[in-house]
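# When you get a sec, could you give me coordinates for this:
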Amino acid sequence: MNASITTVGLLVVSNIFMTLAWYGHLSLNNRGISASWPLYVIILMSWGIALLEYCFQVPANRIGYEGNGGPFSLIQLKVMQEVITLVVFVIFSLIAFEGFQLRWNHILAFVLLVAAVYLVFMK
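This next block holds a predicted model:
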């Protein structure tokens, strides 16, 4: 399979787990599911999910990094990662958080990040 597609796919899956680990407990709390859970339980749950994130993130970077024969420079990997993170975060927030609103300034920030991706891929 193409290293570019594999890298992006792994980054997307990684970011789904990352978003669940970092923000999923907030959604559970809002729904009253985890409101009474001790903090250490939330932390351990988040760490378990974050382990899954790393199981996809590390291979994505190893496969994608040009130093390992991949197609992307270090900065390209990082900027792509940030854009994927924001896209996954927005989708998650729209689904998991009642009242979450995407405003014009958020959209403009995303456009600027996509422009950053374009810029890092310029020769």
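
# how close does residue 37 sit to residue 97?
19 Å (CB to CB, to the nearest Å). Any C-beta I mention is one placed from the backbone N, CA and C, and that applies to glycine too.

# could you list every residue that touches residue 105?
For residue 105, the contact set (CB atoms under 8 Å, 6 or more residues apart in numbering) is empty.

# quick one: it and residue 92, what's the gap?
With distances taken as CB to CB, residue 105 is found 19 Å from residue 92.

# Just the buried positions in the helix or strand of the chain with the lowest mean pLDDT, please.
Every helix and strand of the chain was ranked by mean pLDDT, DSSP states H and E. The lowest is helix 104-120, at a mean of 87. For helix 104-120, a neighbour-count test (16 or more other CB atoms under 10 Å) marks residue 113 as buried.

# for stretch 18-29, same thing?
18, 19, 20, 21, 22, 23, 24, 25, 27, 28.

# Count the residues that sit near the closest residue to residue 30 other than its chain neighbours.
Spatial nearest neighbour of residue 30, excluding adjacent residues (CB to CB, 6 or more residues apart in numbering): residue 97 at 6.9 Å. By other CB atoms under 10 Å, 13 other residues sit near residue 97.

# got the contact list for residue 97?
Here residue 97 is in contact with 26, 27, 30 (CB under 8 Å, 6+ apart).

# Turn those residues into CSV, columns for secondary structure, distance to residue 7 and pLDDT.
Formatted as CSV, these follow (DSSP: H, G, I helix; E, B strand; the rest coil; distance: CB to CB, whole Å; pLDDT from 0 to 100):
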residue, secondary structure, distance to residue 7, pLDDT
26, helix, 29, 88
27, helix, 28, 89
30, helix, 34, 85
